[in-house]
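Visitor: build me a structure from this.
(4 chains)
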Number of protein chains: 2
Amino acid sequence: MNLPPLIQAFVLHFGEMGSRWGINRTVGQIYALLYVSPEPLCADEIVEKLGISRSNVSMSLRELQAWNLALPRHRPDDRRDFFTTPDDVWQILRTLAEERKKREVDPTLSVLREILLEEPGSEAERHAQARMAQMHGLIEQLTTWYDDVKRLETDRLAQLLRLGARITRILETKDALLSLGRGRRKASAATEHE
Amino acid sequence: MNLPPLIQAFVLHFGEMGSRWGINRTVGQIYALLYVSPEPLCADEIVEKLGISRSNVSMSLRELQAWNLALPRHRPDDRRDFFTTPDDVWQILRTLAEERKKREVDPTLSVLREILLEEPGSEAERHAQARMAQMHGLIEQLTTWYDDVKRLETDRLAQLLRLGARITRILETKDALLSLGRGRRKASAATEHE
DNA sequence: TCTAATTTTCACGAATTACTGAAATTGCCG
DNA sequence: CGGCAATTTCAGTAATTCGTGAAAATTAGA
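Guide: From the prediction side, this is the model:
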């Protein structure tokens, strides 16, 4: 490996974390390298900097492209492919969220839906279905929320993050106003609003 | 494997997804089985229902406990350990978020912090550090937000989810009020509020 | 302390996944 | 249509991860 120390530390870390992120070492390293490179890199430069085989680079770039985390950039009068990562970190976050949802939650959601359509054949199955329905309900709430907020502009998203839990102050105010207007109801019913 | 069809389908799915979730097949299957079981199960029952070796069950239960996703339950006058999953799906979500953050985010955050303290030795390193600073900033915003909302009661959390992007209507109203009060500023500066 | 039930550890083989070099393919230029 | 540069595919091997059975450890009674 042929890199300045700080960059090498970053690249090696991404390689090690790769397994925890569900990608492999090489893919992690290449992503990290592209991310910190000021200019797009071609495959042979990656080979040289990381000290891995050409074919490995080719396959790993292909996987990064499948994740939309590596983008091909062509140069005039150069037949080689150069690659970068998306440069806006918020865009990277969105991409990552989208791809992980696609791979990690959507399949489960559809399996749950299928199973829940079946007729339980025993008491055990009836109970299991009830549990699955709980899980399904939660996942659906989460994905509905996600589909909703992912459409926000980045500025709004950042604003929401910064607000954090303080958002609930606003909700509390709103609840108070509503229950005044309606002639006060039981507080737990307030979650039905909007 | 010795299970009613609906439960088997669920268990097998969790086994297959295991690799994508960063756990292995057996761990996924055991979790799924415990999740849908009306009563806690002991190791031998799991062996019998899933058709895997006793030692594999032992190691997998240990891993599930490390994730706080399997809880030991003792019965009077019975030396065996019985296991369940937490029964509230919201609690499971919290546990999952916490554990994944610990394993997948925190290490990166601390590596980034370390590297950012170093003095860059070249222009390439200077640029790389700037990129890492962007990544660090985003991760820190996200974890701050997470630390904030994870403290909310479940009802409030569910309320927020249900609101989804409509929350921005409230923000817009608030922005409008504030900019009126301050004598109208440029809209993009509004993200600085609160 | 001994015994028997239960759980855990661990070395090994099985299965899976990652990486490589060689060969095949692509695509551009003359 | 060659010829050349670049990329991709793929079969084989290396490395890692998974699952097992046998043996060791633990623990509660006798």
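Visitor: most centrally placed residue in chain A?
Guide: Nearest to the mean C-alpha position of chain A, counting by CA atoms, centre = their mean, stands A:Ala97 at 1.6 Å.
Visitor: how far away from the center of its chain is the helix or strand hosting A:Asp106?
Guide: Take DSSP states H and E as the rule and A:Asp106 turns out to sit in helix A:106-117. How far helix A:106-117 lies from its chain's middle: 21 Å, per CA atoms, centre = their mean, to the nearest Å.
Visitor: need the contact partners of it.
Guide: With contacts defined as CB atoms under 8 Å, 6 or more residues apart in numbering or on different chains, helix A:106-117 is touched by A:129, A:132-133, A:135-136, A:139-140, A:143, B:6, B:9-10, B:13, B:17. Yep, even glycine has a C-beta here, placed from its N, CA and C like the rest.
Visitor: swap in 6 Å and give it another go.
Guide: Contacts to helix A:106-117, defined as CB atoms under 6 Å, 6 or more residues apart in numbering or on different chains, come from residues A:132, A:136, A:139, B:6, B:9, B:13.
Visitor: distance-wise, check the first one relative to B:Val89.
Guide: By that I understand A:Met132. To B:Val89, A:Met132 is 10 Å away according to CB to CB, to the nearest Å.
Visitor: and if you look at A:Ala43?
Guide: For A:Ala43 relative to B:Val89 (CB to CB), the value is 45 Å.
Visitor: ditto for A:Leu180
Guide: 33 Å.
Visitor: for those two, indicate the residue with more neighbours.
Guide: Neighbour count, other CB atoms under 10 Å in any protein chain shown: between A:Leu180 and B:Val89, B:Val89 has more, with 19 against 9.
Visitor: and that one, its phi and psi?
Guide: Phi and psi for B:Val89, reported as degrees, to the nearest 10, are phi -60, psi -30.
Visitor: before we move on, what about A:Phe83?
Guide: When read as degrees, to the nearest 10, the backbone of A:Phe83 gives phi -130, psi 140.
Visitor: skipping adjacent residues, who's closest to it in space?
Guide: In this structure, A:Phe83 finds its nearest non-sequential neighbour in A:Ala70, 4.8 Å apart by CB to CB, 6 or more residues apart in numbering or on different chains.
Visitor: one more: A:Leu138?
Guide: B:Val89 is the one closest to A:Leu138 (CB to CB, 6+ apart), at 4.6 Å.
Visitor: cool, and A:Ser53?
Guide: Leaving aside its sequence neighbours, A:Ser53 sits nearest to A:Val47 (CB to CB, 6+ apart; 7.2 Å).
Visitor: quick one: the one you found from A:Leu61, how far?
Guide: Going from A:Val47 to A:Leu61 by CB to CB gives 11 Å.
Visitor: and what of A:Arg79?
Guide: From A:Arg79 over to A:Leu61 the distance is 16 Å, taken as CB to CB.
Visitor: swap in A:Ser55?
Guide: On the measure of CB to CB, A:Ser55 and A:Leu61 end up 11 Å apart.
Visitor: more neighbours: these two, which one.
Guide: Taking other CB under 10 Å, A:Ser55 and A:Leu61 do not tie; A:Leu61 has more neighbours (22 against 10).
Visitor: may I have the phi/psi pair for A:Arg62?
Guide: Per-residue torsions, A:Arg62: phi -60, psi -40 (degrees, to the nearest 10).
Visitor: and for A:Ile52?
Guide: Backbone torsions of A:Ile52, given as degrees, to the nearest 10, read phi -130, psi 170.
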